[in-house]
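A.B. asks: predicted coordinates and the sequence they were generated for:
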Amino acid sequence: MTKQAMTTRVGPSWPVLAMLATAAGLAGGCGMSEFLKMHLSTDRREEAQAHWNNIRGGVKTQMAEEHLKAGRLAEAERALEEALAVSPSAPQVYVLATRLRLEQGRLAEAKQAIRRAAALTSDDAEVPYLRGRIAEHYGELETAAEHYAHALQLAPNNADYLIAEAEALVGLDRPIEALALLEPRTADFEQDAEIQRLAARVSRLIGLRGPAVEHAQAAVRITNSSPMTVAELGEMLSWAERYDEAIDVLSAMLESAKQDSSKDEAAPPTISPASHCLARCYLETKQPGEAMRVLRRVVHRGEASALTWHLSARAALAMGNVDEAAQALAKRGAIGPRDAGELLFSALVSLRRGRADEALATAKQAVALNEQDAVAQCMVGEAAAAAGKTDEAREAYETALMLAPEMPAALNRLDAITTKARGQTR
């Protein structure tokens, strides 16, 4: 065989290569090496198949995503299995698998899926975010906060990641850090009401009345005065002891809801909580009649709760209607156990009705819930004294003064008992 023949069998001649290179340049501007790789590789069929599999996997993943968003978990599961079959190395498939497993409550599998996703990609912010959610499910708040911080670092303009990290910090009893994280970003998310609402709640946890109200007001503006955000603003104003402002906000909201109900529109679920808050504000501003008017509307709607009857009793007593207060308290007692504050109020009503023994028994129930409550001890003394049990009254007042040495009521009552005893011994 001649040298020329051997050259021909080994591969294309240089003139042919030159022609191929020219064709490659004319076809797409790519270099000769790329053209040769594309057209002369023995693996081009496998590469084409892999490319097609990626396309199919992407389509299946998108279908699974749509099913998951719509709550069609069975359909999402089938689409996910098909995506995994054709694209077993695509990180987004495992991200979606994690979300689906979380929705299904299959935490161990979710943890396994997100580990696989993390091994395949390092720049997808959803991966650390989902790792944070899984950590929260396992009660690992510190780890969750770290994952959320990483997610926010990768995607600083994602509000969900910001909220998740702030909530994790609150859960770790680090509200100051949470607020320091949120407040500088409120301007970046000026149309996100949830961030403002969270900032308001965290401010309240810290005891910052002004910022709490300001953030709640911002949420109202963003949501165009939605009932939920208005109700929360009213509650925040009440907590800040800005009762007149709270009354203005809540009464306007409830009047609007009343008009909507007259048009056969469903009342929002915030109506009763807002009504209770408004009634408390009226009581704090010495307007028990207005409070009772609001509470009777709650009863008329068939939404009366333990709080409704307790506030009704307070309003009735403030109006001088002792028997009506007692009736409201009876309805409250039929609903369930009462806390110490409710028991003390009930004892007070019993005293006003001249039922000292009943008041004493109720006050002792309050003490049983918390023996360190000086007010409850003082109420025991008050009821015991009214029942003619002087020694028991003296002991209760002394206990109250041990718990709160400067308590005026206990000091005055104990002094009166002592003075009376001295007068009787002369």
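C.D. replies: Looks like it came in fine.

A.B. asks: hang on, A257 packs against I271?
C.D. replies: Yes: applying CB atoms under 8 Å, one finds A257 in contact with I271, separated by 5.4 Å. For every residue, glycine as well, the C-beta is placed using N, CA and C.

A.B. asks: mind listing the shared neighbours of the two?
C.D. replies: By CB atoms under 8 Å, 6 or more residues apart in numbering, A257 and I271 have these common neighbours: P227.

A.B. asks: need the pLDDT of L26.
C.D. replies: The per-residue pLDDT reported for L26 equals 43.

A.B. asks: same check, this time on G11
C.D. replies: 44.

A.B. asks: same check on D43?
C.D. replies: Note for D43: predicted pLDDT of 58.

A.B. asks: can you get me the start-to-end distance on stretch 129-144?
C.D. replies: Start-to-end span of stretch 129-144 (CA to CA, to the nearest Å) is 8 Å.

A.B. asks: tell me how far it is from the chain's mean position?
C.D. replies: Offset of stretch 129-144 from its chain centre (CA atoms, centre = their mean, to the nearest Å): 16 Å.

A.B. asks: residues contacting it, please?
C.D. replies: Applying CB under 8 Å, 6+ apart, the contact partners of stretch 129-144 are 95, 98-99, 102, 107, 110-111, 114, 117-118, 145-148, 151, 160-161, 164, 168, 171-172.

A.B. asks: how far out from the middle of the chain is stretch 172-182?
C.D. replies: Relative to its chain's centre, stretch 172-182 lies at 15 Å (CA atoms, centre = their mean).

A.B. asks: what's the helix or strand E165 falls within packed up against?
C.D. replies: Assessed by DSSP states H and E, E165 sits inside helix 159-171. Counting contacts by 3 or more CB pairs under 8 Å, 6 or more residues apart in numbering; DSSP states H and E, helix 159-171 packs against helix 126-137, helix 141-154, helix 175-182, helix 193-206.

A.B. asks: please redo it, this time with the cut-off set to 6 Å
C.D. replies: Here helix 159-171 touches helix 141-154, helix 175-182, going by 3 or more CB pairs under 6 Å, 6 or more residues apart in numbering; DSSP states H and E.

A.B. asks: now render the ones you listed as JSON lines, adding mean pLDDT, mean neighbour count and distance to L348.
C.D. replies: Converted to JSON lines, the helices and strands packed on helix 159-171 look like this (pLDDT from 0 to 100; neighbours: other CB atoms under 10 Å; distance: least, CB to CB, whole Å):
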{"stretch": "helix 141-154", "mean pLDDT": "98", "mean neighbour count": "20", "distance to L348": "42"}
{"stretch": "helix 175-182", "mean pLDDT": "98", "mean neighbour count": "19", "distance to L348": "36"}
